[in-house]
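Participant: give the three-dimensional model of this entry:
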Amino acid sequence: MSLLFCFGTITMNVNPGPGGVVGNGNLTCDEPSGSRRTATIRISGSVGGGSGMVTETFTTDTISYSDGQVSTLDVGRRLEKLSGGTSGNAQGTGTGRVDSGQYAGAGENEEGSGTFRIGINGTAYTFGNFSLGLSQ
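Facilitator: Next up, the predicted model:
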């Protein structure tokens, strides 16, 4: 059963070294009842593997909704650069679980498309077409 569908933009900086994974974004979330609210997402974690143009991350994400509710999720992501070089298109997928707060126990699935840019402090991913769903 679908509990929540969110869409928006997220940005993540991924550094396999000491910087780990940090990110944030702005979301609009729809409930099955038809109600809509905005939310912010904060992403923090580590690089867990991958090779070549694929990076796997493991993060704890906090979604803060405009009505004051909060959900904390554990998410595993697969980030893929779609071209070589220092910048280009990228896509990402992820699955996880809501560990605490609103929707605790719900499963999470997400996907996004956008761009990447390699810099001194790691690779920045910007997914302007990002969505996540929570379901029981």
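Participant: phi, psi of the nearest residue to residue 15 once chain neighbours are set aside?
Facilitator: Closest residue to residue 15 apart from its sequence neighbours, by C-beta to C-beta, 6 or more residues apart in numbering: residue 122 at 3.2 Å. C-betas here are computed from N, CA, C, even on glycine. Residue 122 adopts backbone torsions of phi 120, psi -160, taken as degrees, to the nearest 10.
Participant: residue 122: neighbour count?
Facilitator: 20 (other C-beta atoms under 10 Å).
Participant: burial measure for residue 134, as a count.
Facilitator: Applying other C-beta under 10 Å, we find 25 residues neighbouring residue 134.
Participant: list the buried residues for the host helix or strand of it?
Facilitator: Using DSSP states H and E, residue 134 falls within strand 122-135. Going by neighbour count (16 or more other C-beta atoms under 10 Å), the buried part of strand 122-135 is 122-127, 130, 132-134.
Participant: other SSEs contacting the helix or strand hosting residue 47?
Facilitator: Per DSSP H and E, residue 47 falls inside strand 36-49. On a contact count with 3 or more C-beta pairs under 8 Å, 6 or more residues apart in numbering; DSSP states H and E, strand 36-49 meets strand 2-15, strand 20-30, strand 54-65, strand 70-81.
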